[in-house]
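Engineer: Model the following, please.
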Amino acid sequence: MDKVNQTGMIHFHFRPFSKLPEVQTLIFVAFLIMYLFSISGNFSISLIIWLNRSLHTPMYFFLGNLAVLEICYSSTIAPLTLASVQSLERNFISLAGCGTQMFFFIFLGSADCILLAVMAYDRFVAICHPLHYGLMMNWRLCVQLSLGSLVLGFTLAMQLTVLIFQLPFCSSKEIAMFYCDVLPVMRMACADTRVHEATLFVVSVIVLTIPFLLIALSYIFIVAAILKIHSAEGRRKAFSTCTSHLTVVLLQYGCTSLIYLCPSSSYSPERGQVVSVVYTFITPVLNPLIYSMRNRELKDALKRAMLRLFLI
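Structural biologist: From the prediction side, this is the model:
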């Protein structure tokens, strides 16, 4: 037994994307640019919504919450990944550090997915019950729904993380990923993980399958209601408020489902790494772009803010 086992100190290190320093440098630059764009884009959206009273509506309240979640979610993964990619030597992370990163990744990712379902419900009420929208989507309910997504995400993340890190890990090992993801960490355990894999699948169903089905059901009613609108301009406006949200949903749920809803026996570290780059780096960059380009009110508010900034 080596020194790591004798002292009980377990450390992990992340698998590099490439053994070539030049490739690692390019990846570092690309990830840094995407992270900075993600932070600045989502921060701009949350700030614009907060400063513009005309955007103080339930739809933009949820969008502002989503932007803040994206900032926290990106910051859970990106800084450690950037440090690991930049370093020519192995960067080790302790068991506690890995568990902390995994907890916040699951917590914020779960809350993100649940909040997207809440946003679909908001659009359903706005389009299918416009006369009762103010009554049904009151501020108390909006706050409760936002807090509920955080509480559910926190509860699921805490239970899953504690369960996984009760597993025995033999020694310092390489995580076949650029962050502490659930499946790569479970694969390093020196014990039977069938119960843990089943638990992960249940959590994935709660976070991904059920919200996605609710979103799909909401959009069935939304499309049916839009088709009944006689005015072409009315139909266009109704569709424009939904397309940005639907695009983000397909990106988020599509990528995560490829990892967490497939049988663990079919999990491929190489595929997992590529797909994980999409929903940890690319999607947080695309979200503010999609919402700002597709949403006229938000786009106009951003233009006014930029004009005021340049005129100062």
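Engineer: which residues of the stretch 1-150 of the chain fall in strands?
Structural biologist: 11-14, 92-94 (DSSP state E, counting those that start in this stretch).
Engineer: With mean neighbour count, distance to Thr209 and mean pLDDT added, can I get those strands in JSON lines?
Structural biologist: Glycine gets a C-beta too; all of them are placed from N, C-alpha and C. Shown next, in JSON lines, are the strands of the stretch 1-150 of the chain (neighbours: other CB atoms under 10 Å; distance: least, CB to CB, whole Å; pLDDT from 0 to 100):
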{"stretch": "strand 11-14", "mean neighbour count": "20", "distance to Thr209": "29", "mean pLDDT": "85"}
{"stretch": "strand 92-94", "mean neighbour count": "15", "distance to Thr209": "31", "mean pLDDT": "86"}
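Engineer: what's the longest helix that the chain contains packed up against?
Structural biologist: As assigned by DSSP state H, the longest helix anywhere in the chain is helix 95-128. On a contact count with 3 or more CB pairs under 8 Å, 6 or more residues apart in numbering; DSSP states H and E, helix 95-128 meets strand 11-14, helix 58-86, helix 133-136, helix 139-164, helix 182-186, helix 210-227, helix 232-260.
Engineer: Can you name every helix or strand that the first one contacts?
Structural biologist: If you count contacts as 3+ CB pairs under 8 Å, 6+ apart, strand 11-14 packs onto helix 58-86, strand 92-94, helix 95-128, strand 173-175.
Engineer: Please identify which of the strands of the stretch 1-150 of the chain is closest to Val248.
Structural biologist: strand 11-14 (27.7 Å; CB to CB).
Engineer: Tell me how far that closest one lies from the chain's centre.
Structural biologist: From the chain centre to the centre of strand 11-14 is a distance of 23 Å (CA atoms, centre = their mean, to the nearest Å).
Engineer: ok, now stretch 58-71?
Structural biologist: Mean C-alpha position of stretch 58-71 versus that of the full chain (CA atoms, centre = their mean) differs by 12 Å.
Engineer: For stretch 90-109, list every residue counted as buried.
Structural biologist: Buried residues in stretch 90-109, counting neighbours by 16 or more other CB atoms under 10 Å, are found at 91, 93, 95, 98-99, 101-109.
Engineer: Now render the residues you listed as JSON lines, adding distance to Lys173.
Structural biologist: Below are the buried residues of stretch 90-109 laid out as JSON lines (distance: CB to CB, whole Å):
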{"residue": "Asn91", "distance to Lys173": "14"}
{"residue": "Ile93", "distance to Lys173": "11"}
{"residue": "Leu95", "distance to Lys173": "11"}
{"residue": "Cys98", "distance to Lys173": "11"}
{"residue": "Gly99", "distance to Lys173": "15"}
{"residue": "Gln101", "distance to Lys173": "16"}
{"residue": "Met102", "distance to Lys173": "15"}
{"residue": "Phe103", "distance to Lys173": "20"}
{"residue": "Phe104", "distance to Lys173": "22"}
{"residue": "Phe105", "distance to Lys173": "19"}
{"residue": "Ile106", "distance to Lys173": "21"}
{"residue": "Phe107", "distance to Lys173": "24"}
{"residue": "Leu108", "distance to Lys173": "25"}
{"residue": "Gly109", "distance to Lys173": "24"}
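Engineer: Going by distance to Ile127, which of these wins?
Structural biologist: Distance to Ile127, by CB to CB, is smallest for Gly109 among those, at 27.8 Å.
Engineer: so who does the closest one touch?
Structural biologist: With contacts defined as CB atoms under 8 Å, 6 or more residues apart in numbering, the neighbours of Gly109 are 73, 153, 207, 256.
Engineer: Also Phe221?
Structural biologist: Listed by CB under 8 Å, 6+ apart, the contact set of Phe221 reads 124, 128.
Engineer: what's the distance between the closest residue to Phe103 other than its chain neighbours and Phe62?
Structural biologist: Distance criterion CB to CB, 6 or more residues apart in numbering; nearest residue to Phe103, sequence neighbours excluded, is Thr161 at 4.3 Å. Using CB to CB, to the nearest Å, Thr161 is found at 26 Å from Phe62.
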